[in-house]
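Q: whatever this is, show me its structure:
(chains A and B)
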Amino acid sequence: MDNISIARLLDETASLLEIDSADPFRIRSYRRAAEAVEQQTTQLSTIADDPKQLLAIAGIGKGMVANIQALLTTGTMPLREELLQKYKPTMLELLRLPGMGPKTVALVWSACQVCDIDGLEAAAKAGHLTKLPRMGEKFVTKLLKGIEDHRKNSSRFRIDKAQQHADTIINLIRAFPGIDEIIPAGSLRRGRETVGDLDLLATGPACEPDVVSAAVEHVAALPLIDKLIAKGQNKVSFTLRNNLQVDVRLLPRASYGAALQYFTGSKMHNVALRQRAIKRGLTLSEYALLRLEDNVIVAAASEAEIYNALDLDYIPPELRENGGELEAAATHTLPQLITLADIRGDLHMHTEATDGRDTIRQMAEAALARGLAYIAITDHSKNLAMTNGLDDTRALAHIKRIREIDAEFAEEFAAGNKSSATPYSLHPTPSPFRILPGIEVDILADGALDLDDSTLAQMDIVVASIHSHFNQPAEEMTARVLRAIENPHVRILGHPTGRKVLGREAYAINIDTILKSAAQKGVAVEHNASPARADLNDLHLRLAKKHNCKIVINTDAHATEELDQMRYGITQLRRAWLTPTDILNTQPTAQALLQQLRPKP
DNA sequence: GCCGTTTTCGGCCCGACTGTTTTCAGTCG
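A: This is a model prediction of the structure:
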């Protein structure tokens, strides 16, 4: 059993304990243990014989060692079995519905014997639920809507999860000798926020027709396969334990480009491309671009050859949605899309002062190691009590500390003895790494901010975001944001739509009005790079560009490794046709960036 | 259930919002 499976079972046990109204702290222990296990780089199965090594992991104690050893040897553990006597595993899915917490799940089970989504929907429609305590018309309406949304989304996977699975599988397949290239095609390659399944295309000497069967057998025997769906001449289809379907195709080098083009899509892009081919007396398939009259291959080995043979510039996968990219490619007017390397700073992140996990210095070191030139530390303000948000006094003390560490970085730079993963000297224009003092200030229900202007005046970066009262009518919500950005200290509007991928609809808000107003006031709008919260979708981003709005892309990292999520945010910017000049934090230095932001009052 | 320890047990982020109540439990972040 691998770490992911152990983590999942521990987490599920935590959920079952919640339904069972167990001690909340005991529940938290199981959740923490699950997280800790998931983050381990070594497989626990290899060190399970040595309890000392397990106990060395923070969050794993004596009890958890016994649990993990039970899981590894028997595939389950006593507490889990005991809970499954009382409850059904399908109840865990009910917890994912909005408004359904452990207490409510336990209630519908004991009162109506409802333990799955279909049963819950039936009970809701039959009016059984309104007879229960604390459940009225409104609750049932919201619940039915939640079930509908859940069904719509649950068959898709977020891009980062899909990418992780793809990386794992790719590494396993690459281990087979004679496979030298393997690329995920489909919506993952196009950078969609969610993907339905994985399409992996491999090529190399081992994929040539006369020898491919050995490679097919290798793929069909991968250890992480849950169900093998199909095994053909050069294609293997299977599902993983989480139901993600994976199609692996092993293709000869000569037709790899055509296959990559075909399986990357999108469908509408391919239709348009094939129409263009026919007009030129050609025909495009997954095998090659052929001349119609004599079936001679015009292009097949690479995508670039195919596009060029159709009198088009190479079109990046993110643009292949039949949204004007063919016309642009034909007239050589495709945009120079932004890349990860263009991003020089990250202006929204949290530290252990509030709900982050790492220190100011750790975040800075991690950003420097990732090649950034500057960051802003923007911890939460006091209204977010659950994050231990900063009041005015603590906020001022915090930025004092930020300034100190910023000065330390400057000293270390001057002394030339900075030891970090990326020495300053590797940067084209060496200058000290900068840490800007900032805050993520909360926009209250009436649009006021929850810290004093005198405090905000001390900050280089003031990100204003909404964290409560999500259910205001659109007009009120819009007015509230407009009032917040009236405050001259606000320089960035944080996660302006509150959208969550696979989780929550955007706030009811008039985004057009807000973007216009932000553009007029010089307030930058933030695209949250986290794949869970790709806040502005590509439509929003295009709208922001149209209104000449300043745009920043930030990770909102709560730990050093979350800085890596920038890559997913970049993909969304590319899908919106944005270039480096459309984004403020492509500015090379903190000073240049600050000059681009709204001037301080 | 874990942790830190004054080695034997107490502390472990908790406030705001919602839909239901008629004073609050449950959910969310």
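
Q: give me the phi and psi angles of residue A:316.
A: Main-chain torsions, residue A:316, degrees, to the nearest 10: phi -60, psi 140.

Q: ignore what I typed, I meant residue A:100.
A: Torsion angles, degrees, to the nearest 10, at residue A:100: phi -100, psi 110.

Q: now do residue A:407
A: The phi/psi pair for residue A:407 (degrees, to the nearest 10) is phi -70, psi -40.

Q: what's around it, how many residues?
A: For residue A:407, the neighbour count with other C-beta atoms under 10 Å is 12. Heads up, the C-betas are built off the backbone N, CA and C, glycines and all.

Q: spell out which parts of the stretch 351-500 of chain A neighbour DNA strand B.
A: Counting by C-beta under 7 Å from any atom of the strand, the stretch 351-500 of chain A comes close to DNA strand B at A:355, A:383, A:385, A:386, A:387, A:388, A:445, A:467, A:468, A:469, A:470, A:471.

Q: isn't residue A:349 right up against residue A:378?
A: Yes - using C-beta atoms under 8 Å, residue A:349 makes contact with residue A:378 at a distance of 6.5 Å.

Q: on that earlier part again, and the residues of the stretch 351-500 of chain A next to DNA strand B, which are buried?
A: A:383, A:387, A:467 (16 or more other C-beta atoms under 10 Å).

Q: surely the last one meets residue A:442?
A: Yes - taking contact to mean C-beta under 8 Å, the distance of 5.4 Å between residue A:467 and residue A:442 places them in contact.

Q: shared neighbours, these two?
A: Listed as contacting both residue A:467 and residue A:442 by C-beta atoms under 8 Å, 6 or more residues apart in numbering are A:383, A:384.

Q: tally of neighbours for the closest residue to residue A:497 other than its chain neighbours?
A: Nearest residue to residue A:497 in three dimensions, chain neighbours excluded: residue A:506, at 3.9 Å (C-beta to C-beta, 6 or more residues apart in numbering). Using other C-beta under 10 Å, residue A:506 has 16 neighbouring residues.

Q: cool, the one 4 residues further on as well?
A: The burial count assigned to residue A:510 is 16, neighbours taken as other C-beta under 10 Å.

Q: how about it, what does it touch?
A: Taking C-beta under 8 Å, 6+ apart, one finds A:474, A:475, A:478 in contact with residue A:510.

Q: ok, those vs DNA strand B, which is closest?
A: For the contacts of residue A:510, the residue nearest DNA strand B by C-beta to the nearest atom of the strand is residue A:474; the value is 13.8 Å.

Q: phi and psi next, for that closest one.
A: phi -50, psi -40.

Q: helix or strand with the lowest mean pLDDT in chain A?
A: strand A:227-231 (a mean of 80; mean pLDDT, DSSP states H and E).

Q: now the closest residue to residue A:347 other than its chain neighbours, which residues is it bridged with?
A: In space, residue A:347 comes closest to residue A:376 once its chain neighbours are excluded; the distance is 4.3 Å by C-beta to C-beta, 6+ apart. Note on residue A:376: beta-bridge partners residue A:436, judged by DSSP bridges.

Q: enumerate every residue touching residue A:376.
A: A:345, A:346, A:347, A:348, A:349, A:435, A:436, A:437, A:438, A:460, A:461, A:463.
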